[in-house]
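[1] Need coordinates for the below:
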Amino acid sequence: MDKVKPLLMALPLLICAALVFFFSSQSYDKQSLTPFLTQHVNKTELSRLLPDVTIDYGEKHIRAKQSPFAFVEFVIRKGAHLTIYAMLAACGHLALRPYRLSAGSVLLIVMASVLTVAAVDEWNQTFRAYRTGMYQDVILDAAGGMIGITVCSIGFAMKDRRGKRGRNLGKKRMG
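    A predicted model of the protein is given here:
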């Protein structure tokens, strides 16, 4: 079982990376939320609810009030970038756990992996219909990776500290 455990702990990482490439291989039309929003949301009402902001991202200028569906879709898509790469980093951290590496080594390996997946993902998108690979997305993905590894590191540190405290209490009671 000792040899199988690292492989099992790497499985979520592999699934997460596969999901990234599955979604990046789809055309924009397959992923667009605009048709759904157009059918189910009143554009005027949505525009009234959104703040009067403009987001400049790459060559695009997304104005919430003028293009509410594009704005909502943009926020959801970029939120998905942060989320999936946070999950990728957390899964990477989990996969490295059996090796008892230093925190710095884990950070370096996980972030190098996140950046590699992000760069390959954006490169992959340059071959897809109506998709554009953007370096800004790699930066966003790296931010998601940092969020994931930070949350995971804090969680594991708390778990390890709680475990040590429990073992020390047990020793005091016995002694």
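[2] so what does the longest helix belonging to the chain touch, helix or strand wise?
    Ranked by residue count under DSSP state H, the longest helix found in the chain is helix 135-174. Secondary-structure packing of helix 135-174 (3 or more CB pairs under 8 Å, 6 or more residues apart in numbering; DSSP states H and E): helix 68-96, helix 103-125. (Glycine included, C-beta is placed from N, CA and C.)
[3] Give me the distance from that helix to the chain's centre.
    From the chain centre to the centre of helix 135-174 is a distance of 17 Å (CA atoms, centre = their mean, to the nearest Å).
[4] if you average pLDDT over it, what comes out?
    Averaged across helix 135-174, pLDDT comes to 84.
[5] Turn the helices and strands packed on helix 135-174 into a markdown table, columns for mean neighbour count.
    Listed next are the helices and strands packed on helix 135-174 as a markdown table, based on neighbours: other CB atoms under 10 Å:
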| stretch | mean neighbour count |
| --- | --- |
| helix 68-96 | 20 |
| helix 103-125 | 17 |
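[6] ok, now which ones touch residue 60?
    Residue 60 makes contact with residue 74 under the criterion CB atoms under 8 Å, 6 or more residues apart in numbering.
[7] Quickly note the distance from it to residue 132.
    Distance of residue 60 to residue 132, given as CB to CB, to the nearest Å: 10 Å.
[8] And for residue 99?
    Distance from residue 99 to residue 132, by CB to CB: 37 Å.
[9] What of residue 113?
    Relative to residue 132, and taking CB to CB, residue 113 is found at 24 Å.
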